[in-house]
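Asks: predicted coordinates and the sequence they were generated for:
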Amino acid sequence: MCDGKLDCEDETDETHPSCLKMTGEKCKRRVGQVEKQPVPHSWIGDGFKDCEDGRDEMNVWPTCGIGKSLRFVISNETCENVFVCPWDEPGFVELEDLCDGVQTCGNENAVCSRTNGFEPISTAVLTTEWGLKKNVAFCMRGLEKIQKFDTMKCSTEISDSFIYPPADVFGIQKTKIILPSALRLCDHMFGEMYVFTSCLNKCFNSSCPIRNIPRYEACPGQYPNRIGTIVNNSFLIFVTKSFGDIYTNNYFVCDNNIKCIDYSQVCNLVDDCGDGSDEDTCTNHFKCHSTGKYIPKTRVCDGNFDCLDLSDECNEQCSSEIIENSALKGFSWLIGFLAIIANGIIITKNSMTLRKCRTTVALLNKSLIITISFGDLLVGGYLFVISIYDGLIYKQSYCREQISWITSSNCSAIGVLSTLGSQVSLFAMCVLSVTRIIGICNSMRIPGEVSWLPSVKVTVGMIIMILLSLTIAVIPTVSNFEDFFVNGVKYAEKLKAFLGTPNKQTILEILEAYYGRMKETILSWKMIDQMVTEMYSHDFQYPDHTSEKLRVDFYGNDGVCLFKYFVKDEDPQRIFVWLILALNFICFMFITVSYLIIGFYTYKSSKSLTQSGGNRQISQRNTKINRKISIIITTDFLCWVPFIVVCVLHSAEVLDATPWYSLFSIVILPINSVLNPLIYDETITSLISKLFRQVRTCFTGTAIHREITLRLTSRRETTVEIIELESRQI
């Protein structure tokens with residue numbers, strides 16, 4: 001046995017679980033081959049001498065661990081820490097065997113089910129009449145009105161012919177199965193429900209997973225109370241007594257022919273056979289590529305990683321990118337490029353003329369315009385960097401790099417950049433609008449000349465705005481505030497009990513499954529780290545995987561690394577977010593009210609000038625100002641009001657705005673970064689007008705221009721002739 005040579009026809013001497021782990025060192029066995037052979041780990045120190053020299057019972061084999069984690073290994077050069085069982089038996093689970101579906105520890109599966117986030121699946125159905133009647137599903141009375149929306153009319157039928165193999169089996173009472181007669185989608189069924197529904201051909205695209213006949217010689221060692229009965233007068237199968245004189249054979253024979261399992265263990269997301277034969281033909285699961293782990297089909301492409309190799313989310317069916325939509329990709333490049341160019345021009349032009357300001361008002365206005373453009377330039381830089389990471393660095397590989405990206409300092413840095421730019425620009429616009437109102441109210445006063453004191457005041461004011469914006473942007477990244485802003489943790493893959501980036505609530509559920517019921521309290525991340533550390537051993541100098549963790553901070557909520565505006569009641573950062581949203585809304589109202597007042601004054605001035613026949617140029621200037629004010633109010637309204645409304649609806653759980661992060665971060669919020677240079681300074685509009693005039697001048701006099709002019713003149717003359725003809729007829 002376990003000697004590398006097949007002695008049994010069914011290969012059970014080499015496929016036995018004991019043969020899976022063998023020692024690296026060899027010895028001459030007391031029974032079997034003459035040459036030296038490796039020994040199964042389970043034979044070492046078991047009290048029975050398997051080697052001729054008794055080495056398997058000597059203390060000469062390599063070991064790992066200490067105390068309750070002491071174990072024999074192939075080589076102690078690759079020792080790892082282990083998962084510590086909260087109870088004494090068996091004491092530990094090796095990391096490679098953790099979360100494999102086998103209940104090695106008393107609560108191993110409970111811990112692993114929490115990290116997966118699976119709802120408990122039902123694998124058994126209501127059984128009556130001493131096991132001879134299976135109530136899989138049946139139609140409920142009073143649902144007639146709902147049935148008109150269902151193309152599959154519900155009518156219950158009773159099948160009394162289920163047995164495997166479907167043949168004439170002597171002495172067996174067949175099982176009655178109650179289920180709707182219409183075909184159903186079986187992807188959400190497990191265990192007995194899946195087996196009976198699919199084997200009675202009531203599934204759309206799921207075939208019966210039972211394929212091996214429970215012959216009498218199958219599964220040796222199991223069911224000592226088995227009895228043989230004949231099938232079609234040709235071969236024997238085994239049956240077992242369930243109640244009284246009732247015999248059944250509801251057993252699934254694994255492909256290895258070594259093990260038989262109950263129907264409730266078939267298609268239940270666990271490899272109960274050991275060879276995968278009870279799961280491989282089922283259609284209700286997804287099989288992780290590297291580990292072979294089974295997860296429900298409904299967990300594929302749901303945005304949460306359930307496979308260690310990320311194959312449930314990173315595949316051809318649902319592979320993701322930072323920016324999913326092609327149109328948004330284009331907008332990101334376009335808006336980022338235009339914002340950088342336009343605001344760069346404004347900053348350069350106004351910085352060069354800043355020293356020429358003769359009055360304090362002119363200095364303040366120019367400084368504020370530079371500050372607005374600086375903030376918008378940062379927003380443009382944010383978009384440009386996101387576009388580079390999306391289109392040039394990650395591209396199609398982003399899905400597998402997603403966790404590394406959202407936990408990286410680069411993501412946090414560009415998130416800070418975006419928030420800093422947005423807040424600086426908004427604060428500067430607010431101050432500029434208030435400054436212009438004060439200027440109108442004091443229009444009859446002679447502006448003060450520029451001196452060192454006003455210059456210092458303006459400089460200090462700009463610095464305060466930038467520092468306030470920087471504080472808002474940086475606070476969420478400060479480690480001292482991690483209990484308010486950390487959204488999840490990425491633990492080392494080898495720990496297995498923590499998949500993906502579980503948030504605090506998920507980790508608390510895992511800890512409760514491990515430690516038992518805990519008193520309701522708010523645990524800090526520091527306390528959580530300590531409790532997670534104690535779930536694993538820390539023997540000698542083995543690698544401590546519990547220390548290998550990355551935080552998903554405030555800006556890592558989404559791949560675009562935007563300020564987390566969309567929060568819910570359970571989010572610890574909701575108070576901070578709502579304070580910032582309230583502050584921004586107040587700034588927006590200041591800007592709106594200020595420009596409404598300015599518009600009122602200019603309208604009043606234009607009206608009085610018109611009535612008195614005053615300076616027409618001043619009236620035209622006022623009209624131009626009113627038009628610009630309308631644009632400012634409209635763009636700010638369309639940017640912030642819908643956004644704040646969506647934030648409120650998301651917080652109230654009326655809608656889930658999370659998929660809209662890309663839209664808001666790329667189009668809605670940054671669009672003002674392109675419009676502001678056109679609104680607050682005439683440099684860009686003058687350049688565009690000049691360029692347009694040059695193009696028109698170059699175009700005038702060309703053959704194409706003459707042809708178009710000739711055609712338009714001809715059409716105009718024809719129109720005049722038709723009008724004259726019609727007038728004569730009248």
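Replies: On my side now, so go ahead. Numbers count the residues shown, from 1 in each chain.
Asks: what's the weakest-modelled helix or strand in this structure?
Replies: helix 144-147 (a mean of 50; mean pLDDT, DSSP states H and E).
Asks: so where is the stretch 301-450 of the chain shaky, pLDDT-wise?
Replies: Applying pLDDT under 70 to the stretch 301-450 of the chain flags residues 319, 440-450.
Asks: do that again at 50, thanks
Replies: Where the stretch 301-450 of the chain drops to pLDDT under 50, the residues are 444.
Asks: and the helices in it, which stretches?
Replies: Secondary structure of the stretch 301-450 of the chain by DSSP state H, counting those that start in this stretch: the helices cover 326-353, 360-388, 398-406, 409-441.
Asks: columns mean neighbour count and distance to residue 275 on top of those, output as a markdown table?
Replies: C-beta here means a position set from N, CA and C on the backbone, and glycine is covered the same way. Below are the helices of the stretch 301-450 of the chain laid out as a markdown table (neighbours: other CB atoms under 10 Å; distance: least, CB to CB, whole Å):
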| stretch | mean neighbour count | distance to residue 275 |
| --- | --- | --- |
| helix 326-353 | 18 | 45 |
| helix 360-388 | 23 | 47 |
| helix 398-406 | 19 | 29 |
| helix 409-441 | 21 | 43 |
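Asks: and these: which comes nearest residue 651?
Replies: helix 409-441 (19.1 Å; CB to CB).
Asks: moving C-terminal of the closest one, what's the next helix or strand?
Replies: Note on helix 409-441: by DSSP states H and E, the next helix or strand toward the C-terminus is helix 452-474.
Asks: picking up where we left off before, the helices of the stretch 301-450 of the chain: which one's closest to residue 179?
Replies: Nearest to residue 179 among these is helix 398-406 (39.2 Å), distances taken as CB to CB.
Asks: list the contacts of the closest one.
Replies: 305, 310, 313-314, 319-322, 389-390, 394, 411, 490, 500-501, 550, 552, 556-559, 561 (CB atoms under 8 Å, 6 or more residues apart in numbering).
Asks: hmm, which of the residues you listed are the buried ones?
Replies: Buried members of those, counted by 16 or more other CB atoms under 10 Å: 305, 310, 313-314, 321-322, 389-390, 394, 411, 490, 500-501, 550, 552, 556-559, 561.
Asks: so which of those residues are in strands?
Replies: Those of those mapping onto strands are 490, 550, 552, per DSSP state E.
Asks: closest one to residue 5 among the helices of the stretch 301-450 of the chain?
Replies: helix 398-406 (42.1 Å).
Asks: dump the helices of the stretch 301-450 of the chain into CSV; add distance to residue 687 as well.
Replies: Shown next, in CSV, are these (distance: least, CB to CB, whole Å):
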stretch, distance to residue 687
helix 326-353, 8
helix 360-388, 15
helix 398-406, 38
helix 409-441, 21
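Asks: out of the ones you listed, which gets nearest to residue 186?
Replies: Ranking the helices of the stretch 301-450 of the chain by proximity to residue 186 (CB to CB) places helix 398-406 first, at 28.8 Å.
Asks: centre of the chain to that closest one, how far?
Replies: Taking CA atoms, centre = their mean, to the nearest Å, one finds helix 398-406 lying 10 Å from the centre of the chain it belongs to.
Asks: tell me the angle that helix makes with helix 409-441.
Replies: Interaxial angle of helix 398-406 relative to helix 409-441 (axes from the mean of the first three to the mean of the last three CA atoms, to 10 degrees): 70 degrees.
Asks: in the stretch 501-650 of the chain, which spans are helices?
Replies: Applying DSSP H, counting those that start in this stretch to the stretch 501-650 of the chain gives helices spanning 504-515, 525-533, 574-612, 616-651.
Asks: most neighbours per residue, which of these?
Replies: helix 504-515 (a mean of 18; mean count of other CB atoms under 10 Å).
Asks: average pLDDT across that helix?
Replies: Across helix 504-515, pLDDT averages out at 88.
Asks: same question for stretch 215-233.
Replies: 86.
Asks: that stretch spans what distance, first to last residue?
Replies: 13 Å (CA to CA, to the nearest Å).
Asks: who touches that stretch?
Replies: Contact with stretch 215-233 is made by 12, 165, 167-172, 212-213, 235-241, 247, 251, 253-254, 257-260, as judged by CB under 8 Å, 6+ apart.
Asks: strands of the stretch 51-200 of the chain, residue ranges please.
Replies: With DSSP state E, counting those that start in this stretch as the criterion, the stretch 51-200 of the chain has strands at 63-64, 71-72, 82-84, 92-94, 126-128, 133-135, 156-162, 175-180.
Asks: find the residue at the geometric middle of the protein.
Replies: Note on the chain: the residue nearest the mean C-alpha position is residue 303, at 3.7 Å, using CA atoms, centre = their mean.
Asks: isn't that one up against residue 313?
Replies: Yes: proximity of residue 303 to residue 313 meets the contact threshold set by CB atoms under 8 Å, at 7.1 Å.
Asks: of the helices of the stretch 501-650 of the chain, which is nearest residue 200?
Replies: Smallest distance to residue 200 across the helices of the stretch 501-650 of the chain (CB to CB): 36.9 Å, for helix 504-515.
Asks: show me what the closest one is packed up against.
Replies: helix 108-116, helix 525-533 (3 or more CB pairs under 8 Å, 6 or more residues apart in numbering; DSSP states H and E).
Asks: right, and those helices - which one's nearest residue 362?
Replies: Comparing the helices and strands packed on helix 504-515 by their distance to residue 362 (CB to CB), the top pick is helix 525-533, with 51.4 Å.
Asks: quick one: the closest one to helix 504-515, angle?
Replies: Between helix 525-533 and helix 504-515, the angle comes out at 40 degrees (the same axes, to 10 degrees).
Asks: tell me how many other residues crowd the closest residue in space to residue 47 that isn't next to it in sequence.
Replies: The shortest distance from residue 47 to any non-neighbouring residue, by CB to CB, 6 or more residues apart in numbering, is to residue 57 (7.3 Å). Neighbourhood size, residue 57 [other CB atoms under 10 Å]: 17.
Asks: same question, residue 211
Replies: Residues lying near residue 211 (other CB under 10 Å) number 12.
Asks: quick one, grab the pLDDT at the closest residue to it other than its chain neighbours.
Replies: Take residue 211 and drop its neighbours on the chain: the residue closest to it by CB to CB, 6+ apart is residue 281, 7.6 Å away. The model reports residue 281 with a pLDDT of 91.
Asks: wouldn't residue 247 be in contact with residue 173 here?
Replies: Yes: the pair residue 247 and residue 173 qualifies as a contact (CB under 8 Å) at a distance of 7.3 Å.
Asks: so residue 350 touches residue 368, yeah?
Replies: No: Residue 350 is beyond contact range of residue 368, at 9.9 Å (criterion: CB under 8 Å).
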